[in-house]
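A.B. asks: Fold the following for me, if possible:
(2 chains)
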Amino acid sequence: MNKYLILCVDDEREVLDSVIQDLDCFEEHFLLEGAQSVAEAKEIIADAQAEGTQLALILCDHIMPEQTGISFLIELHDDKLTAKSKKLLLTGQAGLEDTVEAINHASLDFYLSKPWGGEQIRLTAKELLTQYMIENEPELMPWAQVLDTEKIFNAIADNRISFGE
Amino acid sequence: MNQYALLCLDNNPVSIEQLRKELSSFASKFDIHCADTIEEAHASLQFCLDRNQPVALVIASHHENFNGADFLIQLDKSPLTQRARKVLISCGQDIQAILTAVNEGRLDHCLTKPLQDSLVYKTAQNELSNFVIDEDKENLLSYGLVLDQQRLLRAHIDQKMRSYQAGFITDHHKMSDSDLAEQVINALKQFFANEDEAQAIRHYSSDHLLTIEGEDNNFLWFIISGEVALYKKDELGMQREVVRHTKGNLVGGMSFVTGEPSFSTAITLTNTDVIKLDREVFSSVMYSDTALLPLFTNLLLRHFNRRLQRNINTKLELQKTLESLEFAHHQLIESEKMAMLGQLVAGVAHELNNPIAAILRGTETLTDNILQLVNSDGKCSPELTSHILTRALSSRPNSTADERQKAKAVEQVIGDRRLAKKLVRLGLNDDEMWLKKTRSHPNTVNDELNELENFHVAGATLRSINVCAQRIADMVKSLKGYARQDDETFHYVNIHEGIEDTLVIFENKLKIHQVEKHYAELPLVNCLPIALQQVWTNLISNAIDAFPTHGKLTITTRRANKENKRWVVVEIKDNGHGISAELQQQVFTLNFTTKKEGNFGLGIGLSVCQQIIQQHGGIIEVSSSINEYTQMSVWLPITEQPNNSEE
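C.D. replies: Numbering: from 1, shown residues only, chains lettered A, B, ... in the order given. Predicted coordinates:
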């Protein structure tokens, strides 16, 4: 089973900790990391890539010092290695303009507003990760028990059919 | 037939002949009747009455057998003879008859015989002059050859002067404006009807310029029909319509009379008929008809008086408008406050989301966590678990970067990343015993670490909830600072507190920018703290709106001396797009805004700031350089705090 990175970015430590706490259940099969700034997040992604670990999902706050979440997500989308990563914006206050910009740059997969619910964030993460795997992971079978089983089996079946032809 | 008759009677043929001779020189202007009996005199009188000819003078002789006095007395009966001058010629013996004639017949003159040469002539001339001066004022000069020329001339001049003067004062006030105008126009039209060499009567189509503001004007226009608008430039160079003139109004009056440049620009709005006069034509018109001058003077007086009335009315209107404006202004300031508060609250509500989210997540985590703690099977010693709990409760967590660094180091030693991360998180990464144990029995350690982690999560979550609640409390406190009572009173406060509170409110917007604070030691300032809060909020909000991508807000406080006074100066500076020199003049005016709608407040922030600061006896200044910076400096006077102020 290949290793993938889930990365949470928020400049507020308390918020960051609670996101990581909520996603604790993924730690077993994923590399789950938190970063307090965009710079740190970039470092983590680079480190992971050096070890051959790709970024599968990023959950990012919007209003942060140095760089806003949306501009970071757009940057990730423009980078070949992270273009396919699922991108979730977790914020209480992205303006309409910013959000539209992110969507138009195809760099936003999901928008979750603060405060969020634990179950809600886990389900969303699972859904996004399932999509990511179906689109990117050649060896889908092991992920069936970790992520959305039905969708992954359907995808495997679809693959067989297309290979059969 | 002459206009008036003259009658004399005497029963003495010699006398009557002498009278006839002496009176003959008046024959050219008066019909002369001579009678030598009372009967004949009555017949002559009747003749005049029949012809409806007034009698100017009666000269009657009186003596014992000839009652001339009675004849004079009965003249009073008829209106045609009533006014006649009466002269009695007596023999000097009958005083009683003379007195009766005086008493009852208003005798004008009395002569006694014997008559000297030409005495009758002189008397008659004098009396006739009296008569015509009273009765035939209009034609005095025509009697010049036969009567007292000097007197008539003087009377004529006096009378002309009188009527002339009266023309200025009386007469015209009874006329309405339009009647007066009509009269002047008609008189002028009549004057130019015969000869109009200068083409005074003109027709203009619309958009014809009569006068130009500030330029010389040599003409006076009477508007006969149509409409003319007067315009004046205001200080900004904008043409403002002052008044519209129609029939009977004057244009160019002021400059025509004073010779000053035109006060306004006059343009015809419609087809307009005018009488255009230059000075020369004007004076020739006025000389030609003396009745016109008072008429015109009156018109001009009215013209200017109406203008004055209009001004006074306008002034009253303006005063009313000013009052309602002041009221509206007050309301506007209230609305600005509300708009600002609304936006502040919206911003803060957003800002509250972060700590609230963390608290909500924390309680959910704790709810699950507590069950695990209660059901924990005690793999680790109570000392260790309580140590882990208190550590997580009391200490700030290391930065995520730090933790990762350490986890990597531990991973090198024990060869398992997840365990390494857990050890680091629990603060056990420097414990040799734990490192060894992890290497030798990774599975047992994993169970123990999971149990310890439950305690760590409980502590860390409680701590996080506490921190977040504190932040919410801080924000609410700074918001409360805006809950301003209208009767806020002056008191001594540290103005840094207000500035800090404002920065908390804007924390969210300032997060992605740089804030530099240079606070000096300052004395307490006597102020309205909440009003000042509004000032800081406006200034900081303006700075934020002006920020480039990487904004920098510099807040400097210092003391200064100026004009022999001590001041506290607060400078709020941004590195934004700056304000041009021309606009710097305008930023404090009401309704000046460069911001788009939807921005902070109503766009009257700076003018409100200025008012608040003036209320404090302070000054607000702006200095700026395009594309470099804008700095707003607020000067507040330092006043000695009274020492005896005891609460």
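A.B. asks: so who does B:Asn627 touch?
C.D. replies: B:His577, B:Gly578 (CB atoms under 8 Å, 6 or more residues apart in numbering or on different chains). C-beta: built from backbone N, CA, C; applies to glycine.
A.B. asks: quick one, phi psi at it?
C.D. replies: phi 60, psi 10 (degrees, to the nearest 10).
A.B. asks: what's the answer for A:Leu90, then?
C.D. replies: According to degrees, to the nearest 10, A:Leu90 has phi -120, psi 100.
A.B. asks: For it, which residues count as its bridge partners?
C.D. replies: A:Leu90 has these beta-bridge partners by DSSP bridges: A:Leu112.
A.B. asks: what residues does chain A put near chain B?
C.D. replies: Neighbours of chain B within chain A, by CB under 8 Å from any CB of the partner chain: A:11-19, A:21-22, A:27, A:31, A:33-36, A:40, A:43-44, A:63-68, A:92-93, A:113-118.
A.B. asks: Just the buried subset of those, written out for PyMOL, thanks.
C.D. replies: For the buried members of those, the matching PyMOL selection, counting by 16 or more other CB atoms under 10 Å in any protein chain shown, is:
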select buried, chain A and resi 11+12+13+14+15+16+17+18+19+21+22+31+33+34+35+36+40+44+63+64+68+92+93+114+115+116+118
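A.B. asks: Filter the residues of chain A next to chain B down to the ones in helices?
C.D. replies: A:13-19, A:21-22, A:40, A:43-44, A:118 (DSSP state H).
A.B. asks: Report the secondary structure state of B:Leu428.
C.D. replies: In three-state terms, and counting by DSSP: H, G, I helix; E, B strand; the rest coil, B:Leu428 is coil.
A.B. asks: Could you tell me which strands sit next to the strand or helix carrying B:Ile89 in the sheet, and their orientation?
C.D. replies: Per DSSP states H and E, B:Ile89 falls inside strand B:85-90. Paired strands of strand B:85-90, with direction, are strand B:55-62 (parallel), strand B:109-112 (parallel) (DSSP bridges).
A.B. asks: can you redo the ones you listed as a markdown table with distance to B:Leu152?
C.D. replies: Output for those, formatted as a markdown table (distance: least, CB to CB, whole Å):
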| stretch | distance to B:Leu152 |
| --- | --- |
| strand B:55-62 | 14 |
| strand B:109-112 | 18 |
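A.B. asks: Which residue ranges of chain A form strands?
C.D. replies: Ranges of strands in chain A, per DSSP state E, are A:4-9, A:31-35, A:54-60, A:86-91, A:110-113.
A.B. asks: With mean pLDDT added, can I get these in a markdown table?
C.D. replies: Conversion of the strands of chain A to a markdown table gives the following (pLDDT from 0 to 100):
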| stretch | mean pLDDT |
| --- | --- |
| strand A:4-9 | 95 |
| strand A:31-35 | 93 |
| strand A:54-60 | 95 |
| strand A:86-91 | 89 |
| strand A:110-113 | 85 |
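A.B. asks: Please render those as TSV that adds distance to B:Ala469 to the earlier fields.
C.D. replies: Below are the strands of chain A laid out as TSV (distance: least, CB to CB, whole Å):
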stretch	distance to B:Ala469
strand A:4-9	22
strand A:31-35	22
strand A:54-60	24
strand A:86-91	21
strand A:110-113	21
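A.B. asks: just to revisit the earlier point, ranking the strands paired with strand B:85-90 by mean pLDDT, which is last?
C.D. replies: Note on those: lowest mean pLDDT is at strand B:109-112, with a mean of 81.
A.B. asks: Contacts only, for the residue sitting nearest the centre point of chain A.
C.D. replies: Note on chain A: the residue nearest the mean C-alpha position is A:Leu57, at 1.5 Å, using CA atoms, centre = their mean. By CB under 8 Å, 6+ apart, the contact set of A:Leu57 is A:Tyr4, A:Ile6, A:Leu7, A:Ser85, A:Lys86, A:Lys87, A:Leu88, A:Ala125, A:Leu128, A:Leu129, A:Tyr132.
A.B. asks: Which strand residues bridge it?
C.D. replies: Per DSSP bridges, the residues bridged to A:Leu57 are A:Ile6, A:Lys86.
A.B. asks: how close does it sit to chain B?
C.D. replies: Distance, A:Leu57 to chain B, using CB to the nearest CB, to the nearest Å: 17 Å.
A.B. asks: coming back round to it: can you list the strands paired with strand B:85-90 in JSON lines and add mean neighbour count and distance to B:Asn218?
C.D. replies: Listed next are those as JSON lines, based on neighbours: other CB atoms under 10 Å in any protein chain shown; distance: least, CB to CB, whole Å:
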{"stretch": "strand B:55-62", "mean neighbour count": "26", "distance to B:Asn218": "53"}
{"stretch": "strand B:109-112", "mean neighbour count": "16", "distance to B:Asn218": "59"}
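A.B. asks: of the ones you listed, which approaches B:Ala407 most closely?
C.D. replies: strand B:55-62 (144.0 Å; CB to CB).
A.B. asks: Following element in sequence after that closest one, please.
C.D. replies: helix B:68-74.
A.B. asks: Touching, B:Thr37 and B:Asp10? I think so.
C.D. replies: No - contact criterion CB atoms under 8 Å: B:Thr37 and B:Asp10 do not qualify, at 9.8 Å.
A.B. asks: okay, the two: which has more neighbours?
C.D. replies: Neighbour count, other CB atoms under 10 Å in any protein chain shown: between B:Thr37 and B:Asp10, B:Asp10 has more, with 26 against 12.
A.B. asks: and the longest helix that chain B contains, average pLDDT?
C.D. replies: When chain B is parsed with DSSP H, its longest helix is helix B:292-374. Taken as a whole, helix B:292-374 carries a mean pLDDT of 84.
A.B. asks: So B:Ile388 is in contact with B:Phe455, correct?
C.D. replies: Yes - with contact defined as CB under 8 Å, B:Ile388 reaches B:Phe455; the gap is 4.5 Å.
A.B. asks: Not counting sequence-adjacent ones, nearest residue to B:Leu532?
C.D. replies: B:Gly498 (5.5 Å; CB to CB, 6 or more residues apart in numbering or on different chains).
A.B. asks: er, B:Asn217 I mean
C.D. replies: Excluding the flanking residues, the one nearest B:Asn217 by CB to CB, 6+ apart is B:Ser255, at 4.1 Å.
A.B. asks: likewise A:His29?
C.D. replies: Nearest non-adjacent residue to A:His29 (CB to CB, 6+ apart): A:Val146, at 5.0 Å.
A.B. asks: Phi, psi for that neighbour please.
C.D. replies: phi -90, psi -40.
A.B. asks: pretty sure B:Leu7 contacts B:His33?
C.D. replies: Yes - using CB under 8 Å, B:Leu7 is in contact with B:His33, at 4.8 Å.
A.B. asks: burial of B:Gln82, as a residue count?
C.D. replies: B:Gln82 has 12 neighbours, counted by other CB under 10 Å.
A.B. asks: where does chain A dip in pLDDT?
C.D. replies: For chain A, applying pLDDT under 70 flags the ranges A:93-99, A:102, A:106, A:163-165.
A.B. asks: how much space between the nearest residue to B:Pro523 once chain neighbours are set aside and B:Lys562?
C.D. replies: In space, and not counting its chain neighbours, B:Pro523 is closest to B:Ile638: 5.7 Å by CB to CB, 6+ apart. Computed as CB to CB, to the nearest Å, the B:Ile638 to B:Lys562 distance reads 11 Å.
A.B. asks: quick one, which of these two is more surrounded?
C.D. replies: Between B:Ile638 and B:Lys562, counting by other CB under 10 Å, B:Ile638 is the more crowded of the two (17 against 11).
A.B. asks: what about the more buried one, distance to B:Ala458?
C.D. replies: B:Ile638 is 53 Å from B:Ala458, by CB to CB.
A.B. asks: before we move on, what about B:Arg106?
C.D. replies: 137 Å.
A.B. asks: Between the two, point out the one with more neighbours.
C.D. replies: Counted by other CB under 10 Å, B:Arg106 and B:Ala458 do not tie: B:Ala458 has more neighbours, with 21 against 14.
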